[in-house]
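S.K.: When you get a sec, could you give me coordinates for this:
(one chain, ligands or ions: 2)
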Amino acid sequence: LTLLCLGNGESPGKMAFSRFPILLALAFSSFSFVLSHLNREMWFQDFFPPNMCPINAKDNTFYGIMFDAGSTGTRIHIYTFVQKSPENLPELEGEIFESVKPGLSAYADQPEKGAETVKRLLDMAIDAVPPHLWKKTPVVLKATAGLRLLSEEKAQSLLLEVREVFEESPFLVPEDSVSIMDGSYEALGAALSMMLFAGQLSGQNQHTVGTLDLGGASTQITFLPQFEETLKETPGDFLTSFEMFNSTYKLYTHSYLGFGLKAARLAILGALNVEAVDGQMFRSSCLPKQLEAEWHFGGMKYRYGGNKEGETGFKPCYLEVLKVVEGKLHQPDEIRGRSFYAFSYYYDRAVDTNLIDYEQGGVLEVRDFERKAEEVCDNMEKYNSASPFLCMDLVYITALLKEGFGFRDNTLLQLTKKVNNVETSWTLGATFHLLQSLGITY
Ligand SMILES: O=c1ccn([C@@H]2O[C@H](COP(=O)(O)OP(=O)(O)O)[C@@H](O)[C@H]2O)c(=O)[nH]1
Ligand SMILES: [Ca+2]
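M.R.: Ligands and ions are numbered 1, 2, ... in the order given. Got it, this is the predicted structure:
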């Protein structure tokens, strides 16, 4: 482990991975203070102690391997945890992360080839985990929207091939180690990840961390309600209880299928659930006026274009998008006064439009997305090197946040890709949960 703290003597090629020591402040309890005194600069200040290596961690280190089989790519997360004493929570010490594109669903007709991409990633874990811990290190793959869109038969043969790769590896393969993940588990994993980052679960501090994830096909929202009222007003299937560290947590968590960014584009174009799309032209005021193009999505070909004769720009686009969003989502009162972490396409589109820096992330208000949407949509000719969907995507994000979830203009969103070199993803929470349920600690 000392070696790992020093970079593990690895070859220069591997240094590209986020293989650096991290001691996350699981017992840190100033999150509520940070939230209530939030300003754009100090969100993460004082959150983490300086990077350091645990002393004598050699015998109390354990690993977990989690694959995120997303619709646009497959990613491996190899987490290292250290448990300093039985009464303390394990601490996340580090992560190795790598990703490949395209996602597994692109190999629907070549399942062996798809599994081969997983094998190549898993080979990294052979190098990363010490051989005497292989048998104690679980490996799990959870697939999201991409596989949900495939036929049952194609999805299952992909999963079967991946399972074979796992069985042939020296790692621990738990029951149900390769599966399509339930949307609410995805949301729960994301929330648990952020709680772990903020030291939520360890101390007296029960304040919440909310997360928003915008995928290709679905979108998730999760937070830990503070008020009884919220629990009373929320439909039962939006509430999930989970046990952790001898406590029961009740989370508000929901995954809206069809509300991911790419599914939303189709809905806005009026092309969702249309039987015969061949030859039909779908037009929108959210697209450049002269645009005519084709888009392949979910095994279908769509022709789409701008409103040649009619209006284009922010206002008509917003009205179009509103039809897809308004009244479709549950709006818990409580979230209006909260700040949320936002991932995935929220992050990507904010980077694309220079609202945040790719490496640093940043804190935005909901109205920052709206302002940027206006700027892009009302000057589409200036943005013609960007994706033709940039205006539509930004308007959708704005409308989803404001009219969908009911956030205020000044609701703060923390756009985060990494915390101390660890990817912010549902995978950390899911791995932690898995290790706890398998009883893998010291
Ligand atoms: O570890 C990850 C996983 C996803 N994404 C982003 O999230 C978006 C949604 O992708 P994903 O393939 O996960 O789609 P889903 O299956 O969740 O709909 C992608 O464009 C990625 O940019 C990311 O940045 N890091
Ligand atoms: Ca995802």
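S.K.: Could you use CA atoms for every contact and neighbour count after this?
M.R.: OK.
S.K.: Looking at V274 now. What's its pLDDT?
M.R.: Looking at V274, its pLDDT is 74.
S.K.: how near is it to ligand 1?
M.R.: Distance of V274 to ligand 1, given as CA to the nearest ligand atom, to the nearest Å: 21 Å.
S.K.: element containing that residue?
M.R.: Using DSSP states H and E, V274 falls within no helix or strand.
S.K.: how close does it sit to L266?
M.R.: V274 sits 10 Å away from L266, taking CA to CA, to the nearest Å as the criterion.
S.K.: again, but for K418
M.R.: Distance check for K418 against L266: by CA to CA, it reads 31 Å.
S.K.: Please identify which of these two sits among more neighbours.
M.R.: Per other CA atoms under 10 Å, whichever of K418 and L266 has more neighbours is L266, with 18 against 14.
S.K.: The more buried one should be in a strand, yeah?
M.R.: No - membership of L266 in a strand is not supported by DSSP: H, G, I helix; E, B strand; the rest coil, which gives helix.
S.K.: Any idea how many residues pack against the residue lying closest to it once chain neighbours are set aside?
M.R.: The shortest distance from L266 to any non-neighbouring residue, by CA to CA, 6 or more residues apart in numbering, is to L272 (5.2 Å). As a burial measure, L272 scores 14 neighbours (other CA under 10 Å).
S.K.: Where does L272 fall, secondary structure wise?
M.R.: L272 belongs to no helix or strand when assigned by DSSP H and E.
S.K.: can you check the one 10 residues further on too?
M.R.: Applying DSSP H and E as the criterion places F282 in strand 281-284.
S.K.: what residues does that strand touch?
M.R.: 268-271, 302-307, 312, 317, 320 (CA atoms under 8 Å, 6 or more residues apart in numbering).
S.K.: How about the residues of the stretch 151-300 of the chain by ligand 1?
M.R.: Residues of the stretch 151-300 of the chain found near ligand 1 (CA under 6 Å from any ligand atom) are 215-218.
S.K.: Out of those, which end up buried?
M.R.: For those, a neighbour count by 16 or more other CA atoms under 10 Å gives the buried set as 215-218.
S.K.: Low-confidence bits of this protein, can you list those?
M.R.: Under the criterion pLDDT under 70, the flagged ranges of the chain are 1-58, 199-208, 244-245, 275-278, 298-299, 441-442.
S.K.: one step back: if you look at the buried ones among the residues of the stretch 151-300 of the chain next to ligand 1, which of them are in strands?
M.R.: Of these, the ones assigned to strands by DSSP state E are S218.
S.K.: Need the buried ones among the residues of the stretch 151-300 of the chain next to ligand 1 in a markdown table (columns: distance to T424).
M.R.: Output for those, formatted as a markdown table (distance: CA to CA, whole Å):
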| residue | distance to T424 |
| --- | --- |
| G215 | 14 |
| G216 | 17 |
| A217 | 19 |
| S218 | 18 |
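S.K.: What residue in the stretch 251-400 of the chain comes nearest to ligand 1?
M.R.: S344 (3.5 Å; CA to the nearest ligand atom).
S.K.: What's the local residue count around that residue?
M.R.: 18.
S.K.: For G64, list the residues it contacts.
M.R.: Applying CA under 8 Å, 6+ apart, the residues near G64 are 78-80, 137-139, 431, 435.
S.K.: what's around E381, how many residues?
M.R.: E381 has 12 neighbours, counted by other CA under 10 Å.
S.K.: T248 too?
M.R.: For T248, the count of nearby residues is 10 (other CA under 10 Å).
S.K.: Assign the closest residue to it other than its chain neighbours to helix, strand or coil.
M.R.: Closest residue to T248 in three dimensions, ignoring its sequence neighbours and counting by CA to CA, 6+ apart: F242, at 5.6 Å. Put simply, F242 is strand when judged by three-state DSSP.
S.K.: Before I go, just wanted to say thanks for your time.
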